[in-house]
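Trainee: Build me a structure from this.
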Amino acid sequence: MKILQALFFPPEQPGGVSSMVPYIQERFHKLGTEMELFSLPKRIRSKGTGELVFDTFDINEFVGNVIIDRYIQTYKDYLWWADMRIKKSYDLIHAHHPIAALVMKNLFPDTPVIITIHSSYEKELILNGRIEAGGIEEKFLTNIYGELESKLDRIMTVSHSFRQYLSSYVQYSDRMIVIPNGFDEKRFRPSHHENAVPQLITVCRLVPAKGLDILLKACSELKSRGHNYVLHIIGDGPIREELEAMAVDLNIYEETIFYGYMLHPEEFMPFFDIFVLPSRAEAFGSVFAEAALCWLALIGTNVGGIAEQIDDGKNGLLVPVDNIKALADALERMITDPVLRASLAKAAREKAKKTYSLNRVIQQMKTMYASFMDD
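Mentor: Numbering: from 1, shown residues only. As a prediction, the model looks like this:
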């Protein structure tokens, strides 16, 4: 069986699916399955030409918008690159981005093409202040889901809550299959320790959707209550300078360390105590599972895939979105009760090992792939 995993970002891209799929490829190779990876290099820009045809909506409604035109050009670039580079056939193609999926079905109409939708681009753009809710860009991007349903052989996603979100834009959401992300436990090496001053860590792209403004304000409240801590922020992004200025204004700059981008944060995480990320939306939130496998106590917001990973009070703490006091209270509870913190961290690791193991993903994918060979 020959399988192509079609990514959007190159495999060396940090985080999420780009970092997960190479481990999947390695496991399938050990099982004797031929599997290759394909993605669009970042250097490919404005190479694709010609017109694209969508079956479920009229693209002419949307041309002329800067964001939509850029999306369409990326589609054309991916099509140009794939048509030029792929010179063999496959038994099945598994795409991990809408553009990759539509391109592959365009080039290989007789090959089963399936997709895992990992996140909502339109929701990210709205939360990051790039587009308006209900605007033409959101309409275009949500129309893509119907196009995927019309053309592809199967749609999968990473959480039940995200499948519910997608149900507004497709006809048969009950046909979608949920396979959460999986992680190779050998990548994570928990370290038994107890820091004298509690060490908080967050890992994410520095964009408004991640809610780091709320985290900094909660940490300021924590300091005003007399608690000692250090907050470590791993990641980079367009609002880094704004967040650093906010830390100064809130008088917590001495307690906060901005590291910037780090290729393998899971090698760094085991030496901390509490992982906290108050995202405003997450389809899955892979970093929570990674932190759990590092044996950290978890604090997250009650949204999307985070709420499916954290059972409040059992393996972590959940707080409402944009609630500074609730987040400060949760951090205070974790900081002042090391027994609770250890108990929640242990439970989080046990759930992550059981539910989000790479072995589980491999078995589910094997079953999925085999179903197309049996058809």
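Trainee: all contacts plus neighbour counts: C-alpha atoms, from now on.
Mentor: Fine.
Trainee: Which SSE is immediately downstream of the strand or helix carrying Ala82?
Mentor: Assigned by DSSP states H and E, Ala82 belongs to helix 66-85. Later in the chain than helix 66-85, the nearest helix or strand by DSSP H and E is strand 92-95.
Trainee: which helices and strands sit right next to that following strand?
Mentor: Under the contact criterion of 3 or more Cα pairs under 8 Å, 6 or more residues apart in numbering; DSSP states H and E, strand 92-95 touches strand 2-6, helix 98-107, strand 113-117.
Trainee: List the buried residues of the helix holding Ala82.
Mentor: Ile68, Ile72, Gln73, Thr74, Tyr75, Lys76, Asp77, Tyr78, Leu79, Trp80, Trp81, Ala82 (16 or more other Cα atoms under 10 Å).
Trainee: Spell out the residue ranges of the helices in the stretch 151-300 of the chain.
Mentor: 160-166, 212-224, 240-249, 286-293 (DSSP state H, counting those that start in this stretch).
Trainee: would you turn these into JSON lines with mean pLDDT and distance to Ser357?
Mentor: Output for the helices of the stretch 151-300 of the chain, formatted as JSON lines (pLDDT from 0 to 100; distance: least, Cα to Cα, whole Å):
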{"stretch": "helix 160-166", "mean pLDDT": "96", "distance to Ser357": "18"}
{"stretch": "helix 212-224", "mean pLDDT": "98", "distance to Ser357": "28"}
{"stretch": "helix 240-249", "mean pLDDT": "98", "distance to Ser357": "33"}
{"stretch": "helix 286-293", "mean pLDDT": "94", "distance to Ser357": "9"}
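Trainee: Throw the buried residues of helix 66-85 into TSV and include pLDDT and distance to Ser89, thanks.
Mentor: Listed next are these as TSV, based on pLDDT from 0 to 100; distance: Cα to Cα, whole Å:
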residue	pLDDT	distance to Ser89
Ile68	97	31
Ile72	97	26
Gln73	97	25
Thr74	97	23
Tyr75	97	21
Lys76	97	21
Asp77	97	21
Tyr78	97	18
Leu79	97	16
Trp80	97	17
Trp81	97	16
Ala82	97	12
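Trainee: coming back round to it: now the angle from the helix holding Ala82 to helix 98-107?
Mentor: 50 degrees (axes from the mean of the first three to the mean of the last three Cα atoms, to 10 degrees).
Trainee: From Glu137, how far off is Glu61?
Mentor: Distance, Glu61 to Glu137, by Cα to Cα, to the nearest Å: 11 Å.
Trainee: Which one's more surrounded, the two?
Mentor: Set Glu61 next to Glu137 and count neighbours by other Cα atoms under 10 Å: Glu137 wins out with 21 against 10.
Trainee: so what's the more buried one up against?
Mentor: Residues near Glu137 by Cα atoms under 8 Å, 6 or more residues apart in numbering: Phe62, Asn65, Ile67, Ile68, Glu122, Ile131.
Trainee: Wait, a helix at it?
Mentor: Yes - using DSSP: H, G, I helix; E, B strand; the rest coil, the secondary structure at Glu137 is a helix.
Trainee: Quick check: it vs Ser371, distance?
Mentor: In terms of Cα to Cα, Glu137 sits 36 Å off from Ser371.
Trainee: ditto for Glu244
Mentor: As judged by Cα to Cα, Glu244 and Ser371 stand 51 Å apart.
Trainee: do the same with Ile179
Mentor: Ile179 sits at a distance of 15 Å from Ser371 (criterion: Cα to Cα).
Trainee: who has more neighbours, these two?
Mentor: Neighbour count, other Cα under 10 Å: between Ile179 and Ser371, Ile179 has more, with 17 against 10.
Trainee: Chain neighbours aside, what residue packs nearest to that one?
Mentor: Counting by Cα to Cα, 6 or more residues apart in numbering, Val158 is the residue found nearest to Ile179 once chain neighbours are left out, at 5.2 Å.
Trainee: Tell me who's in contact with that neighbour.
Mentor: By Cα under 8 Å, 6+ apart, the contact list for Val158 reads Thr116, Ile117, His118, Val178, Ile179, Pro180, Asn181, Ala283, Phe284, Gly305.
Trainee: Do you know the pLDDT at the closest residue to the second one other than its chain neighbours?
Mentor: To tie it back to what came earlier, the one meant is Ile117. Excluding its sequence neighbours, the residue lying closest to Ile117 (Cα to Cα, 6+ apart) is Thr157, at 4.9 Å. With respect to pLDDT, Thr157 has a value of 95.
Trainee: In the sheet, which residues pair with Thr157? Tell me.
Mentor: Thr157 has the following beta-bridge partners by DSSP bridges: Ile117, Val178.
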